[in-house]
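**Student:** Let me see the structure of the following:
(chains A and B)
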Amino acid sequence: MTFDAYYGVQNVARKIDMLNAREYAVIMNEAAINNGKAPYFAIGEITQMGEGTNWIDEMLYDNAITQNYSLGVSGGSEKTIYSMSLGYTGQEGIVGGPDYSNYNRYSFRINSEHNLYNNIVKVGENLTFSYIKRNGISVGNQYNNTLRGAFNTSPFLPMYDDDGNFLNNSRDAGVIYQGKEWVPWYDGESNPYASMVYNNQNRNNNQKLFGNVYVQVNPIKGLTYKSILGVDFYTGEGRAFLPSYTLSMYAQRLNDEASQSLSKGLALTWDNVATYEFSVDHHDISVMGGMSAYRNKGSSMYTRNAKLVIADLRHAYIDNTLNTDFSLLDISGAPFDESKLLSYFGRVSYNYLEKYLFNATFRADGSSRFAKGNRWGYFPSVSAGWVMSSESFMSKTQNWLDFLKLRVSWGQVGNQNIGAWQYLAPIQTANVNYYFGSADFDASGNTPGAYPSRLANEDLKWETSEQFNIGFDARFLAGRLGFNFDWYKKTTKDWLIEAPILATAGADAPYINGGNVKNTGVELNVDWNDQTGNFKYFVNANVSFNSNKVTEVPTSDGIVHGLTNMLYANSPEFYHRARTGYPIGYFYGWQTDGVFQNESEILNYKNNGKVVQPNAKPGDLKYIDQNQDGVINEADKTMIGDPNPDVIFGFSAGFTFKNFDFSLAANGVAGNQICQSYRDHSNAYANYTDEILGRWHGEGTSNTIPRVTETNINYLPSDIFIKSGDFLRINNITVGYDFSRMINKSFLNQFRIYASVQNAFTFTKYNGMDPEIGYGVENGSSGIDLGYYPRPRIMLIGVNVKF
Amino acid sequence: MVFTAFLSACSSSFLDSEPITLLTDVNFYKTKKDAESAIVGCYDGLQIIYSDGIAFPVASEVFSDNTFGGTGNTDGLGYQQIDEFDLLRSPSDLNQFEPNWKNYYRAIYRVNVLLSKMDQIDWEGDTDYRNSVESQARFLRAYFYFDMVRLWEKVPLIIEPTRENIPQSEPDAIYAQIADDLLFASEYGDAGKSPGRVNRWAAKALLARVYLFYTGYYGEDDLVGKVNQNQVLQGLEDIIASGLYDLVGYDDGNGFKDLWPAASSWPNEKGDGLETSYVGKDNKETVFSIKYNITSDYDGNIDGNHWLVMLGLREQSFCPYGKGWGACTVSPKLYNAFESGDLRRNSSIIGIVEEGLNFNNAGQREYTGYSNKKYTPLSLPDGRDVAEANNAVNFMIGQYQDYVVIRYADVLLMAAELGSPNAQIYFDKVRKRAGLTSKPANHNNIMAERRFEFAFEGIRYWDLLRQGLEVAANTIAESTTVLNGGVETNKVIKKENIIKTRGFQMIPYNQITLSGGVLKQNQGWE
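**Tutor:** Residues are numbered from 1 along each chain as shown, chains lettered A, B, ... in the order given. Presented below is the predicted three-dimensional model:
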């Protein structure tokens, strides 16, 4: 029996410092002056200001709890082996706290296997059931990101008004703050914490029954047949309460609403595999053939209505809603897109004395996601190995070289991970209405229509990943030193992507097989473990170098363009997803060469007889005129950063001494860039991080950060957003002590108590919240920091008991 | 049951699947019902083109001398950029019209696909219905292109669905296509009237408007050889002779105000609602309108008038006038130019001081003291927005006032301008409705009359441009003072900027980038 548990608290590892009220007022004044307006505040006013509201602090929750408990039993006899476990995991969110960001999972697992008829037939099952309750906030792009409001709201906006309600940032609304009627500084902002409270009152739970049942028959020696039926049954339910509120003239909901959603689905897998093993004179051969079928079906429903009898989350059910007007009612229900897979595969394995190894596999995979004629993909692979250390000519090295194996492999694997029916052009009938009546309005008087919403692509087919690998594994010095090396080349062909399409095409873009991507690299792993007396220790280090390049893009300009409106409202394109000869998702824009310090620098920056940036003012960014034609335009944009790291590395070390254990693990990357945009630059009144305090405000004051302005002329796509993303993170330090020896009971094998810090320290030059940004706005982009939910630092204590 | 499902897996048809809640282009466009659905989908295009970006009716007024950009004192300067034809006024606003550009092409795509499938549909021998559908589709396409050719002059002319990177066309080619489409609709369109539906009379009227703009701006004698002045005039006379349309408020002497909800509504006696003499949507003067409904929401329904909120008084309501974002502040020059006794002045313009409204202009940019009364949200005596009180999602997207594209008054004045023998009668009729006396129906008087008749209907700017770029630039150029957040500020619109851009708008930079440079930016906006 085992019992494992931990309990810990999470805190954000690094907070961003935004400007406080005084600093913000200084910057706003300066921006106004730089735009030819009078300053907003007199110096005397600024010194009277307090700190203002620190929105980052308000949004983040301290000491969010994370905990996990699991109890397991396993055992067996000649005929049966089994293992069961029961567990609970709970995690509160550091943004918003447990009321708005919370995850709880209860799970039960039972696995068993039984031998029948003298071990000719084996029957077994693995089954897991889990029940999950959760409540989450929005993460994602700048519009759906709960945390982003905290970066942009000015410190002037108070959290509460005098009545203790969230302050409504509207003028002439009778809002009283500090005894006076509240006049907004900026009409367009609203309390982001209140926004989170008003938009994230929900309760969701889902259940999953996941497992398989199998039978394995061994009729004659060497021949095995196994049939496995896998089941993935899932249901989910959600409820949300959307209260009516007014936080500003833009941020409001008129009517309180409640919504309910239900969904259910079942995925079935059926695998049948037959294997025959035989041996001829130390040549061991194994032949395997099989098929696998998969089908996933389900459906969901959603209803939302307005005007609740009792307006709170507890009573947020559709029966409690009173509204009967179609304009406020939303109902939908549909089946999940059906998904089916069928595969046939075969493998031949050969080894001679465990010295020479050979393996060949062939798969034919069919998917319902493609049109007839393109459904099947064929994926072979082959590998070979040579255990050199077993050779007779290596016998002299046996005292220091325990094991050396050379291996080489080549193989293909398919990917069909897109939505269903992407090869068809759907005709949309939902939300296509026109009103042909003469009443002023008529919520139920619309006439429905239809239109083709997306272009078809019948030629859509499997994406293939092809990898070639060569490497070796070695162990030295009685197994104490280990060394693994790999060189690989992985090519992804016919990459499945949705490429942005010209407006003139008139409909949504179809998925295309959009090019080839090549990743080449080297992986290296070294480990050492040794022991002197009671002191056992180990050290492990690994490093990998990777280079990423796109090799072929079938669009008319050889580029798969990136999305716009991502960095800030109405921002232009700042990355390319793919372009021949460039890495995936590379950042694209103008390169800068410092800041103009004075007028004469601007006038002297000439090319081709023209002043390159005639409208610039001292303090503006100087852009590099790559083609020297005297104009800064599209043609001068170039690659300004690469989100793909060149090196990924990690190391770990630890020791055990008697009953005491210690371990440490670290990881990091180098050579990548991150694109950071916390601030909505289309909004002159958005707050800044304290990085702006180093801005240019006179000759010689800065050559990196431009002057502040009320427009975003210095925040066009250029390397001002690009920062180095190198980091080394100590991500786990654990110390433990096993008390079982002290307690000294025969049934107790282990009673270890440990303490651990996760995400302990991060060494990096990156000034954002977390340099490990996997977030990309779409498939094919990464390294974009829009104020993503940060990784917390967790301190926990735990116990492992075995008895 | 599970195993039979899987035994069937062995056949390749296991992998067949088809969408249950979506039709596809393979099983659609087959029956008359499909055709009706598809044409309604094309009408839905009329609602999407103005739902985002800057709507054409609003933009046209901002360009003109009727109004300034306005909006909030803390907003970005995008509206000022288009008001003053000056990119540097807001140099990072490079895509203000991009949503419109994209939505125009989406709407055009729906028409193109329908037209390409006309032969595939089984009309059951009903040629009249087929002609009706084709007329409606082609009118709509002509409408979209007429907006685009006036906004951007050179746009890619797409008349068949295509994915190719098509370069821009010359304006003559676009006008030729518009003319062909409208000539077809003029001949084969419905002869009757139906609310919101295109008919042959609307096609003839729009053709006249296209003819006048093209011949005026480009200084040509006819519409790309497709139609000449006599034919266009005849079309207008046909509308007049049909007897289907007339002027509202002419017979009862009420003038003009019953055409406009805000001008014809007032608080009721009890003070809990509005009384109105509004003649209603689809009245006898409406030749063609874009219709809106209250059902817009954030889940994909685009049925409302999303641009109406731009024109309301900034954040404050004074029953019956509702609140909005305060764009298109009205120029005092326009208010003061009306002849004395012209009933249209107080039906078109809200005089904030004149009507005793206690308006706080601290949040208003380019405050002039005058605002739009023709197109504006409405409010109840208790301050609530009327659309919201009727269960619209909110006052920003839930407005439902229709955009009347062509009124019968325009048919009369265009006929007078094109030299109808009854020019003086038509001209006097329009003036009499406005409470004014007869005047000679010469070109100058007619153009002047149009200014007062069609203020804020998205017509003035194009009337100016078609009198020649010089005339437009001279009229719109301005140097005056306005109040920005209550502070007196200079407002300058330079003639050179209008001349430099030739009166056209910036092509969205994102689309130029996406086209890899095949699209070229318009002069003056580089």
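**Student:** Show me where the stretch 51-200 of chain B has its helices.
**Tutor:** Here the stretch 51-200 of chain B has its helices, by DSSP state H, counting those that start in this stretch, at B:56-63, B:78-83, B:98-116, B:127-152, B:171-188, B:200-218.
**Student:** Packing partners of the shortest one?
**Tutor:** Of the remaining helices and strands, those touching helix B:78-83 by 3 or more CB pairs under 8 Å, 6 or more residues apart in numbering or on different chains; DSSP states H and E are helix B:56-63. Glycine gets a C-beta too; all of them are placed from N, C-alpha and C.
**Student:** tell me the mean pLDDT over the helix it packs on?
**Tutor:** Per-residue pLDDT over helix B:56-63 has a mean of 96.
**Student:** now do stretch A:18-33
**Tutor:** Mean pLDDT, stretch A:18-33: 93.
**Student:** Show me the shaky parts of the chain.
**Tutor:** This is for chain A. A:137-146, A:556, A:569-570, A:774-780 (pLDDT under 70).
**Student:** Oops, wrong one, chain B.
**Tutor:** For chain B, the stretches flagged by pLDDT under 70 are B:1-12.
**Student:** Please work out the residue of it nearest to chain A and name it.
**Tutor:** In chain B, no residue comes nearer to chain A than residue B:109, which is 2.4 Å away by CB to the nearest CB.
**Student:** Count the residues that sit near the closest residue to that residue other than its chain neighbours.
**Tutor:** Ranked by CB to CB, 6 or more residues apart in numbering or on different chains and with sequence neighbours excluded, the top spatial neighbour of residue B:109 is residue A:506, at 2.4 Å. Using other CB atoms under 10 Å in any protein chain shown, residue A:506 has 26 other residues around it.
**Student:** who's in contact with the closest residue to chain B within the stretch 501-650 of chain A?
**Tutor:** As assessed by CB to the nearest CB, chain B sits closest to residue A:506 within the stretch 501-650 of chain A, at 2.4 Å. Shown in contact with residue A:506 (CB atoms under 8 Å, 6 or more residues apart in numbering or on different chains): B:105, B:106, B:108, B:109, B:110, B:112, B:158, B:161.
**Student:** and what of residue B:97?
**Tutor:** B:53, B:54, B:59, B:151, B:152, B:505, B:506, B:508.
**Student:** Residue B:140 now?
**Tutor:** Applying CB under 8 Å, 6+ apart, the residues near residue B:140 are B:42, B:43, B:45, B:46, B:107, B:111, B:198.
**Student:** Please look at the first one and residue B:109 and confirm they touch.
**Tutor:** No. Here residue B:42 lies out of contact with residue B:109, judged by CB atoms under 8 Å, at a distance of 9.7 Å.
**Student:** shared neighbours, these two?
**Tutor:** Taking CB under 8 Å, 6+ apart as the contact definition, residue B:42 and residue B:109 share the neighbouring residues residue A:451.
**Student:** of the two, who's got more company?
**Tutor:** Counted by other CB under 10 Å, residue B:42 and residue B:109 do not tie: residue B:42 has more neighbours, with 30 against 24.
**Student:** Give me the phi and psi for that one.
**Tutor:** The phi/psi pair for residue B:42 (degrees, to the nearest 10) reads phi -70, psi -40.
**Student:** Enumerate every residue touching it.
**Tutor:** Contacts for residue B:42 were tallied using CB under 8 Å, 6+ apart; they are A:449, A:451, B:107, B:110, B:111, B:114, B:136, B:137, B:140.
**Student:** What of residue A:790?
**Tutor:** By CB under 8 Å, 6+ apart, the residues touching residue A:790 are A:12, A:13, A:14, A:94, A:769, A:770.
**Student:** repeat that with 10 Å
**Tutor:** Residue A:790 is in contact with A:12-16, A:60, A:94-95, A:147, A:759, A:768-770, A:772-773, counting by CB atoms under 10 Å, 6 or more residues apart in numbering or on different chains.
**Student:** among those residues, which are in strands?
**Tutor:** Per DSSP state E, strands hold the following members of the contacts of residue A:790: A:12, A:759.
**Student:** now, among the contacts of residue A:790, which is nearest to chain B?
**Tutor:** Set against chain B, the nearest of these by CB to the nearest CB is residue A:147 (21.3 Å).
**Student:** ok, now which ones touch residue A:324?
**Tutor:** A:305, A:306, A:307, A:443, B:391.
**Student:** Return the members of the residues you listed classed as buried.
**Tutor:** With burial judged by 16 or more other CB atoms under 10 Å in any protein chain shown, the buried subset of the contacts of residue A:324 is A:305, A:306, A:307, A:443, B:391.
**Student:** Provide the strand pairings for the helix or strand residue A:549 falls within, with the direction of each partner.
**Tutor:** Counting by DSSP states H and E, the element that carries residue A:549 is strand A:535-552. Sheet pairing for strand A:535-552, assigned by DSSP bridges, gives strand A:516-532 (antiparallel), strand A:647-657 (antiparallel).
**Student:** Could you dump those into TSV and include mean neighbour count?
**Tutor:** Converted to TSV, the strands paired with strand A:535-552 look like this (neighbours: other CB atoms under 10 Å in any protein chain shown):
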stretch	mean neighbour count
strand A:516-532	16
strand A:647-657	17
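**Student:** so what's the nearest residue to residue A:558 once chain neighbours are set aside up against?
**Tutor:** Distance criterion CB to CB, 6+ apart; nearest residue to residue A:558, sequence neighbours excluded, is residue A:580 at 5.2 Å. When the contact criterion is CB under 10 Å, 6+ apart, the partners of residue A:580 are A:515, A:516, A:549, A:550, A:551, A:552, A:553, A:558, A:559.
**Student:** Tell me the bridge partners for the last one.
**Tutor:** When bridges are taken as DSSP bridges, the partners of residue A:559 come out as residue A:579.
**Student:** re the thing from before, whichever of the contacts of residue B:42 end up buried, select them in ChimeraX.
**Tutor:** Buried subset of the contacts of residue B:42, written as a ChimeraX selection, criterion 16+ other CB under 10 Å:
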select /A:449,451 /B:107,110,111,114,136,137,140
